[in-house]
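> The sequence isn't on hand, but the structure is:
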């Protein structure tokens with residue numbers, strides 16, 4: 001058994017942050033394999049609604065608080081949650097940062113921590129990473145995005161080992177790392193039941209986190225194309241980070257300019273609610289996408305995924321290469337915003353139509369999707385890889 005400590009200003013319960021969601025699944029998964037995990041975070045998040053959700057965990061347990069700190073055990077993980085007054089991670093007060101830092105020091109002083117797992121390059125996180133190095137505790141970098149490429153972040157230069165979620169990201173950083181990098185398959189919580197028949201009455205596609213990088217332009221073009229074809233296909237747009245108005249403005253558009261077949265909803269921490277009545281998931285990122293958990297979360301429910309072939313999408317899409325498309329040609333504007341230069345949405349739109357409108361074959365296709373997930377995603381395989389990784393460091 002190994003003992004791990006994770007410290008960050010961002011809440012581990014931030015459902016609008018893919019890294020946080022993946023880490024929480026990993027931590028809960030490895031505790032079941034006998035490891036011990038301590039998590040110290042604030043309530044701050046990448047969206048206001050996700051911040052409110054994390055804060056509600058703190059608020060609903062007032063009687064168990066010690067000042068602004070709430071300690072509890074959930075799914076085997078030892079949590080220390082600090083109430084933060086601002087939803088943004090880089091706006092923590094000095095007292096909030098000190099509370100997180102001192103709680104982490106207390107855990108290091110009173111438990112036999114073998115490894116500190118982290119991401120982030122703010123002073124708070126860097127201070128903990130430096131403390132780990134000073135105590136000769138192994139430092140593990142959870143590297144699942146492109147933003148550290150070419151940077152001088154302390155954790156990138158000083159980690160003892162790296163965990164990532166795709167061969168694509170491992171390859172992206174092959175010249176930046178001086179230590180072992182292990183690809184760890186996703187830990188996914190599967191739904192309690194699988195009923196492909198329930199999809200037949202739905203014509204809904206799901207698109208999450210509408211931003212330029214996540215493929216907002218392509219999404220709008222697809223919706224517009226199918227609207228002009230008088231298709232009955234509808235789109236659920238989950239604006240989990242509250243960025244939609246701002247991102248539309250970069251395209252000289254407003255909410256009223258969006259096609260009428262798009263329904264905008266807030267993000268949610270409830271996966272069953274997120275995928276309720278969804279028949280197809282769209283993953284339309286036009287920059288490097290390390291390995292979004294959304295693909296497997298859809299697959300374990302038998303939901304097909306249409307994606308652009310960027311980053312780790314091709315690895316996670318599995319055998320269903322017919323649902324993988326070349327990304328549009330892009331350009332950067334004067335503010336380094338990535339925009340589509342020239343793209344015809346016909347092929348991808350017709351593929352969406354063929355999946356949704358083929359009622360006779362959808363159930364069988366859904367069962368194939370589910371079987372593909374079970375082949376790709378073996379929880380024991382993830383545990384075995386993690387245990388071997390721990391032994392090696």
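On my side now, so go ahead. All values derive from a computational prediction rather than experimental measurement.

> ranges for the strands of the stretch 51-200 of the chain?
Ranges of strands in the stretch 51-200 of the chain, per DSSP state E, counting those that start in this stretch, are 65-66, 69-74, 77-82, 115-118, 138-142, 161-164, 180-183.

> looking at those, which has the lowest confidence?
Lowest mean pLDDT within the strands of the stretch 51-200 of the chain: strand 65-66, at a mean of 76.

> So what are the sheet partners of it and their directions?
strand 69-74 (antiparallel) (DSSP bridges).

> would TSV of the strands of the stretch 51-200 of the chain with distance to residue 46 and mean neighbour count be doable?
From N, CA and C alone the C-beta is placed, and that goes for glycine too. Listed next are the strands of the stretch 51-200 of the chain as TSV, based on distance: least, CB to CB, whole Å; neighbours: other CB atoms under 10 Å:
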stretch	distance to residue 46	mean neighbour count
strand 65-66	25	12
strand 69-74	21	15
strand 77-82	17	22
strand 115-118	17	24
strand 138-142	16	23
strand 161-164	20	22
strand 180-183	24	17
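
> Could you name the stretch from the ones you listed that's closest to residue 358?
Closest to residue 358 of the strands of the stretch 51-200 of the chain, according to CB to CB: strand 180-183, at 34.4 Å.

> Which neighbouring elements make contact with the closest one?
strand 161-164, helix 167-172, helix 379-392 (3 or more CB pairs under 8 Å, 6 or more residues apart in numbering; DSSP states H and E).

> Which stretch among the ones you listed is buried most, on average?
Across these, averaging neighbours per residue (mean count of other CB atoms under 10 Å) puts strand 161-164 on top, at a mean of 22.

> which strands and helices sit next to it?
Using 3+ CB pairs under 8 Å, 6+ apart: strand 161-164 touches strand 138-142, strand 180-183, helix 379-392.

> Quick one: distance of the least confident helix or strand in the chain by mean pLDDT to the chain centre.
Least confident helix or strand, the chain: strand 65-66 with a mean of 76, by mean pLDDT, DSSP states H and E. Its chain's C-alpha centre and that of strand 65-66 lie 30 Å apart, by CA atoms, centre = their mean, to the nearest Å.

> which other residues reach it?
residue 58 (CB atoms under 8 Å, 6 or more residues apart in numbering).

> And the helices in the stretch 151-300 of the chain, which stretches?
Using DSSP state H, counting those that start in this stretch, the helices found in the stretch 151-300 of the chain span residues 154-158, 167-172, 216-228, 244-250, 271-274, 293-299.

> And the fourth one, what's buried?
This means helix 244-250. For helix 244-250, a neighbour-count test (16 or more other CB atoms under 10 Å) marks 244, 247-248 as buried.

> Stretch 168-177 spans what distance, first to last residue?
14 Å (CA to CA, to the nearest Å).

> Next: stretch 208-226.
19 Å.

> Next: stretch 175-189.
End to end - CA to CA - stretch 175-189 spans 34 Å.

> List the buried residues in that stretch.
Across stretch 175-189, burial judged by 16+ other CB under 10 Å covers 177, 181-188.

> How about stretch 335-342?
For stretch 335-342, using 16+ other CB under 10 Å, the buried residues are 338, 340.

> Can you list the low-confidence ranges for the chain?
For the chain, the stretches with pLDDT under 70 are 199, 377-380.

> Domain parsing of it, as residue ranges.
Following automatic domain parsing, the chain resolves into domains at 3-187+378-392, 196-376.

> Check the separation of the first and last residues in the last one.
Chord length of domain 196-376, first to last residue, is 20 Å (CA to CA).

> As CSV, the helices and strands packed on strand 180-183 with distance to residue 80 would be great.
Output for the helices and strands packed on strand 180-183, formatted as CSV (distance: least, CB to CB, whole Å):
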stretch, distance to residue 80
strand 161-164, 22
helix 167-172, 29
helix 379-392, 23
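
> Of the ones you listed, which is nearest residue 373?
helix 379-392 (11.4 Å).

> same for that closest one, what does it pack against?
Counting by 3+ CB pairs under 8 Å, 6+ apart, helix 379-392 packs on helix 18-31, strand 161-164, strand 180-183.

> got the angle for it vs helix 18-31?
90 degrees (axes from the mean of the first three to the mean of the last three CA atoms, to 10 degrees).

> quick one: helix 379-392 to strand 138-142, angle?
Orientation note: helix 379-392 sits at an angle of 140 degrees relative to strand 138-142 (the same axes, to 10 degrees).

> contact partners of helix 379-392?
Applying CB under 8 Å, 6+ apart, the external contacts of helix 379-392 come out as 2, 26, 29-30, 33, 35, 114-115, 161, 163, 180, 182-188.

> Could you pull up the residues touching residue 121?
Neighbours of residue 121 in contact, by CB under 8 Å, 6+ apart: 148, 151, 153-155.

> Please list only the buried members of these.
Members of the contacts of residue 121 classed as buried by 16+ other CB under 10 Å are 148, 153-155.

> Which pair in these has the greatest spatial separation?
For these, the farthest-apart pair by CB to CB is 148 and 154; their separation is 10.8 Å.

> Quick check: residue 35 touching residue 4?
Yes. Using CB atoms under 8 Å, residue 35 is in contact with residue 4, at 6.5 Å.
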